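*Asks:* need a structure here:
(4 chains)
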Protein chains: 2
Amino acid sequence: MRRGSFRTTSFDVAALAGVSQSAVSRAFTPGSSIAEETRVKVFEAAKKLNYVPNSIASSLTTHRSNIVAVLLGNLGNPFYVHVLERFSQELQKQNRHILTFMLGEEMSTDSAIMKVLQYQVDAVVVTSAQLSTRTISLCHDRGIPVVLFNRYIPNSGAFGVRCDNVYGGSLIADAFLKAGAQSFLMITGDPNGTTSQDRVRGFKERLLESGVKRDAILEYEGQSNYDGAKRAIDRFMADGRKVPDAIFGINDIMAMGAMDALKVQYDLRVPDDVMVAGFDDIPEAARLPYRLTTVRQPIRRMVSATIDLLHLDDPKRPIEMASDTPIVGEFIWRDTILGDMPEGAVRSVDAQTAG
Amino acid sequence: MRRGSFRTTSFDVAALAGVSQSAVSRAFTPGSSIAEETRVKVFEAAKKLNYVPNSIASSLTTHRSNIVAVLLGNLGNPFYVHVLERFSQELQKQNRHILTFMLGEEMSTDSAIMKVLQYQVDAVVVTSAQLSTRTISLCHDRGIPVVLFNRYIPNSGAFGVRCDNVYGGSLIADAFLKAGAQSFLMITGDPNGTTSQDRVRGFKERLLESGVKRDAILEYEGQSNYDGAKRAIDRFMADGRKVPDAIFGINDIMAMGAMDALKVQYDLRVPDDVMVAGFDDIPEAARLPYRLTTVRQPIRRMVSATIDLLHLDDPKRPIEMASDTPIVGEFIWRDTILGDMPEGAVRSVDAQTAG
DNA sequence: TCCCGGAATGCATGCGCATGCAAACGCCAA
DNA sequence: TTGGCGTTTGCATGCGCATGCATTCCGGGA
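*Replies:* Next up, the predicted model:
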């Protein structure tokens, strides 16, 4: 525990530079009142001693940690991997960093939030997870903004950033209808997630509106990942159902799982034997064997919007209820639906850039 | 800034419980000397006030943050996504959490390490990134263990946890040879990474030993992700090369990219027209359209070994040089190499469990 | 020459908790 | 009843830095 070699503090630097500890602190604090000359002296001394300011100590006085907690529920869906990557890049630009919490059997959302409070993070982003309203107010009481990414909690007063899933679902329905589909299968994910619910609703309602009969629309549920979709298709086939004209995978990774199962196991051609569409436009959906028609969730814009809502630069601002205006996603036309591109769609050869 | 409602401290709890602040602190510190009765009183008061201990303040005195920094270079390779997930789960079991650093153009490894030092993390795990030996000793000087995951730095005195990549490469070579391949293409990744280098070396040396002529082994380099491999194949084809008997993708995601390009763009059948193998055994490699023959990196074991090396529970222990014994991976036999399974291989229908 | 104002600096203190030390307490044996 | 020991408790202090306030310094204007 020798001082000086083991744990260098601002006092050590101050001594070497011949200034006070406050000066050292000021030298490392942008915008504080210090002469350029002094700053240079301090930096030189700091360099000699390999001094790095201790942000733990700094957080204790400033009440800012420059850490944002991100709760992740399902990295089995690459969408959230791209989201995480994007968040990290954006925040790092602002000299902020991410404390990750992987939710799962061993870590519920609420227990994660308790950890989050301990760590005095500046804000919390929640993706693919349920959250109780009580938990949210626990954060708000401490002045910690919480933003829900890609979901919302009805009647909770807490909103978030998301894509217009209902509208997106209806776009897929339109495209299938235009291509002449008459029987439909939805492969859905977590039934408690508003994301899946809304997409289903938008899709189904549009079909029904257009005169499709209720029993021409089937719904199979699976875990929200590749294998979940594959298994849903297996169950569908095992039930002896007739192959539908069109399958809507509630998200791209599930659409991909379904598509592979159909092609490899059941020897069906896409889109000739069965059409497929997904949702998200993850970069993987643009890959050669898929070329999946989908609705793009604009990751970059959504992440930026989320970070804006965090008010990281303006912590004293009271936490407001974000306006609940979903972002409208683009319809991305690729190769898994027959016929011509509908009006308003985008023909996309390339993947959405995640990086 | 009203006290009590806005920022509840151990003093507030102490007051309500009718004990001293120390008692509150002890109540929340496992193993400290406190009567059960007192602990209960404290917990009750804490609950009433929604008190959560401030781990920033606690870290300041204990010099332990229970945070581990993980530097990630390339989430474009799902291998590292699975690794991150696994690390997070393992550490969360120990009540520790991950501060992520995404390396890239805007964040070099060395600048990430500077941040890491600021945050007083308990340890650092580095994946898919170069690291200067000076940087490593900067951490060691502060008593922060650094473990390299899946790479090593020759002659640096710093080791890490990795798979025996040379041996793994030779296993692939053997399998190709046994299947009668005579011409070979390697799709390689980052030429500075020891991982890619070692796999290439093991593969190539075994081929040369077995009498394959040097000009029957080609090497095309690409970015270490799906598209990088696809583009490498495109270049290979554009160069007018004859399709080789066997292609070794230096990791699974590149093998998958290569395979898709071959099948979809060049209408080749795998393994009939060209055999393919990868490395890692990411869960994606087991998917239906790939069924990729590969060498498994045992993620769970590797992550556990890494965490052990961190000595998180025993911080005073001097940082030792880890023994540089690479873990031997299993050869996973699936469908992308012709003929029979070589001795010692494992026939694997299922994916490696990442979770 | 003197005075005033702004910039730069240092001093002292507090952020919230952990912990060494001493005091207080309870219990049992003598 | 008393002494002694082990267990609990509280007090006081420090972790490393940020910051309000007082002080010093310096230059320019009168």
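*Asks:* immediately after the helix or strand where A:Ala255 lies, which helix or strand?
*Replies:* Assigned by DSSP states H and E, A:Ala255 belongs to helix A:252-260. As assigned by DSSP H and E, the chain's next helix or strand after helix A:252-260 is strand A:275-277.
*Asks:* Bridge partners for the nearest residue to A:Gln297 once chain neighbours are set aside, pull those for me.
*Replies:* Nearest non-adjacent residue to A:Gln297, counting by Cβ to Cβ, 6 or more residues apart in numbering or on different chains: A:Cys163, 4.5 Å away. Just so you know, the C-beta spots here come from the backbone N, C-alpha and C atoms, and that holds for glycine as well. According to DSSP bridges, the residues that bridge with A:Cys163 are A:Ile327.
*Asks:* And the helix holding A:Ala255, what does it pack against?
*Replies:* helix A:78-93, strand A:184-188, helix A:226-238, strand A:246-249, strand A:275-277 (3 or more Cβ pairs under 8 Å, 6 or more residues apart in numbering or on different chains; DSSP states H and E).
*Asks:* just so I know, which of the ones you listed lies nearest B:Asn50?
*Replies:* helix A:78-93 (27.4 Å; Cβ to Cβ).
*Asks:* got any ranges where the stretch 1-150 of chain A has weak pLDDT?
*Replies:* Counting by pLDDT under 70, the stretch 1-150 of chain A has low-confidence residues at A:1-5.
*Asks:* cutoff 90 now
*Replies:* Filtered on pLDDT under 90, the stretch 1-150 of chain A yields the residue ranges A:1-7, A:31-33, A:105-106, A:110-111, A:128-137, A:140-141, A:143.
*Asks:* For it, which residues are neighbours of DNA strand C?
*Replies:* Within the stretch 1-150 of chain A, the positions lying close to DNA strand C (Cβ under 7 Å from any atom of the strand) are A:18-23, A:26, A:33-38, A:57, A:60-61.
*Asks:* what's the spacing between the residue lying closest to A:Gln89 once chain neighbours are set aside and A:Ala112?
*Replies:* Of all residues not flanking A:Gln89 in the chain, B:Met102 sits nearest, at 5.9 Å (Cβ to Cβ, 6+ apart). In this view, B:Met102 and A:Ala112 are 21 Å apart by Cβ to Cβ, to the nearest Å.
*Asks:* now do A:Val68
*Replies:* Counting by Cβ to Cβ, the gap from A:Val68 to A:Ala112 is 14 Å.
*Asks:* hmm, back to that, let me know which of the helices and strands packed on helix A:252-260 is tucked in deepest.
*Replies:* Greatest average neighbour count among the helices and strands packed on helix A:252-260 goes to strand A:246-249 (a mean of 30), per mean count of other Cβ atoms under 10 Å in any protein chain shown.
*Asks:* May I have the strands that pair with that strand, each with its orientation?
*Replies:* Sheet pairing for strand A:246-249, using DSSP bridges, gives strand A:184-188 (parallel), strand A:275-277 (parallel).
*Asks:* Average pLDDT for the longest one, rounded please.
*Replies:* Think strand A:184-188. For strand A:184-188, mean pLDDT rounds to 98.
*Asks:* just stretch A:191-208 next, same as before
*Replies:* On average, stretch A:191-208 scores 94.
*Asks:* List the contacts of that stretch.
*Replies:* With Cβ atoms under 8 Å, 6 or more residues apart in numbering or on different chains as the test, stretch A:191-208 has contacts from A:128, A:130, A:150-154, A:162, A:165-170, A:172-174, A:176-177, A:184, A:186, A:188-190, A:214, A:216-217, A:219, A:221, A:224, A:248, A:250-251, A:279.
*Asks:* Whichever of those residues end up buried, select them in ChimeraX.
*Replies:* This is the ChimeraX syntax for the buried subset of these, where burial follows 16 or more other Cβ atoms under 10 Å in any protein chain shown:
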select /A:128,130,150,151,152,153,162,165,166,167,168,169,170,172,173,174,176,177,184,186,188,189,190,217,219,221,224,248,250,251,279
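*Asks:* So which of the contacts of stretch A:191-208 are in strands?
*Replies:* A:184, A:186, A:188, A:217, A:219, A:221, A:248 (DSSP state E).
*Asks:* what bridges to the first one?
*Replies:* Applying DSSP bridges to A:Phe184 yields these beta-bridge partners: A:Ile217, A:Ala246.
*Asks:* Would you mind naming what in the stretch 51-200 of chain A lies close to chain B?
*Replies:* Within reach of chain B by Cβ under 8 Å from any Cβ of the partner chain, the stretch 51-200 of chain A has these residues: A:52-57, A:59-60, A:65, A:67, A:75, A:78, A:81, A:84-85, A:88-89, A:92-93, A:97-102, A:104, A:106-107, A:114-115, A:117-120, A:138, A:141-143.
*Asks:* change it to 6 Å
*Replies:* A:52, A:55-57, A:59-60, A:75, A:81, A:85, A:88-89, A:92, A:97-100, A:102, A:107, A:117-120 (Cβ under 6 Å from any Cβ of the partner chain).
*Asks:* Low-confidence stretches in the stretch 151-300 of chain A?
*Replies:* For the stretch 151-300 of chain A (pLDDT under 90), the answer is A:151-160, A:190-194.
*Asks:* on that earlier part again, in the residues of the stretch 1-150 of chain A next to DNA strand C, find the pair that's most separated.
*Replies:* A:Glu37 and A:Leu60 (29.7 Å).
*Asks:* Among those two, which residue is more densely surrounded?
*Replies:* Counting neighbours by other Cβ atoms under 10 Å in any protein chain shown for A:Glu37 and for A:Leu60 shows that A:Leu60 has the greater number, 16 against 8.
*Asks:* who touches that one in this structure?
*Replies:* Counting by Cβ atoms under 6 Å, 6 or more residues apart in numbering or on different chains, A:Leu60 touches B:56-57, B:60.
*Asks:* again, only this time at 10 Å
*Replies:* Residues in contact with A:Leu60 (Cβ atoms under 10 Å, 6 or more residues apart in numbering or on different chains) are A:54, A:120, B:54, B:56-57, B:59-60.
*Asks:* Which residue ranges of the stretch 101-250 of chain A form helices?
*Replies:* In the stretch 101-250 of chain A, the helices defined using DSSP state H, counting those that start in this stretch lie at A:109-118, A:133-141, A:165-178, A:194-209, A:226-238.
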